[in-house]
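Trainee: Sequence first, then the predicted structure, then my questions.
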Amino acid sequence: MKHTTMVFLLLMGGGGWVMAQATPDRSPNDKQEQVTVQGCVGRSSGDYVLMQSDPGNSYVLHSGNNVKLGRYLGQQVKVTGTKSPTLSDSSDAARSAPSTTITVNSINTISKECRP
């Protein structure tokens with residue numbers, strides 16, 4: 001009986017550890033914001049960028065869900081995706097680059113030409 005109790009305790013203790021390890025730790029700040037924005041697709045420093053004339057925002061675009069951003073270059077589009085801070089490699093790039101990145105889940109053409 002003593003041996004069975006000890007095995008049971010070892011299994012329960014080990015199983016609890018495995019369960020605790022399998023649960024990912026996430027803080028409330030890990031959530032990415034879902035957004036839909038409209039603007040003109042252009043290029044800047046090798047990145048695709050969505051530029052808005054009003055209110056004058058711009059976003060770095062990253063492809064998600066196998067979206068091919070190149071075919072939308074020069075077009076006015078509506079983009080839906082997740083928003084996150086843009087990470088830059090140097091302080092000079094940080095001053096000129098948009099501060100927000102959108103990982104594009106869907107993109108639709110509004111107009112084949114960008115309008116000022």
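Mentor: Looks like it came in fine.
Trainee: correct me, but H62 touches T100?
Mentor: No: look at H62 against T100 with C-beta atoms under 8 Å: they stay out of range, at 11.2 Å. C-beta: built from backbone N, CA, C; applies to glycine.
Trainee: Contact partners for V77?
Mentor: For V77, the contact set (C-beta atoms under 8 Å, 6 or more residues apart in numbering) comprises Q38, G39, C40, V41, L50, I107, N108, T109, I110.
Trainee: how does it look with 6 Å?
Mentor: V41, I107, T109, I110 (C-beta atoms under 6 Å, 6 or more residues apart in numbering).
Trainee: On the three-state scheme, G70 is what?
Mentor: Recorded secondary structure, G70: helix (DSSP: H, G, I helix; E, B strand; the rest coil).
Trainee: Could you count how many residues lie near it?
Mentor: G70 has 10 neighbours, counted by other C-beta atoms under 10 Å.
Trainee: What pLDDT is listed against it?
Mentor: Reported pLDDT at G70 in the predicted model: 95.
Trainee: Disregarding residues adjacent in the polypeptide, which is nearest to it?
Mentor: In space, and not counting its chain neighbours, G70 is closest to Y48: 7.6 Å by C-beta to C-beta, 6 or more residues apart in numbering.
Trainee: tell me the mean pLDDT for the helix or strand containing that neighbour?
Mentor: In this assignment (DSSP states H and E), Y48 forms part of strand 47-51. On average, the pLDDT along strand 47-51 is 95.
Trainee: quick one: contacts of that strand?
Mentor: G39, C40, V41, G42, S58, Y59, V60, L61, L69, V79.
Trainee: Could you do stretch 35-43 as well?
Mentor: 49-52, 72-73, 75-80, 83, 114.
Trainee: Could you do stretch 104-112 as well?
Mentor: 61, 63-65, 67, 72, 75-81.
Trainee: Show me what counts as buried in that stretch.
Mentor: V104, I107 (16 or more other C-beta atoms under 10 Å).
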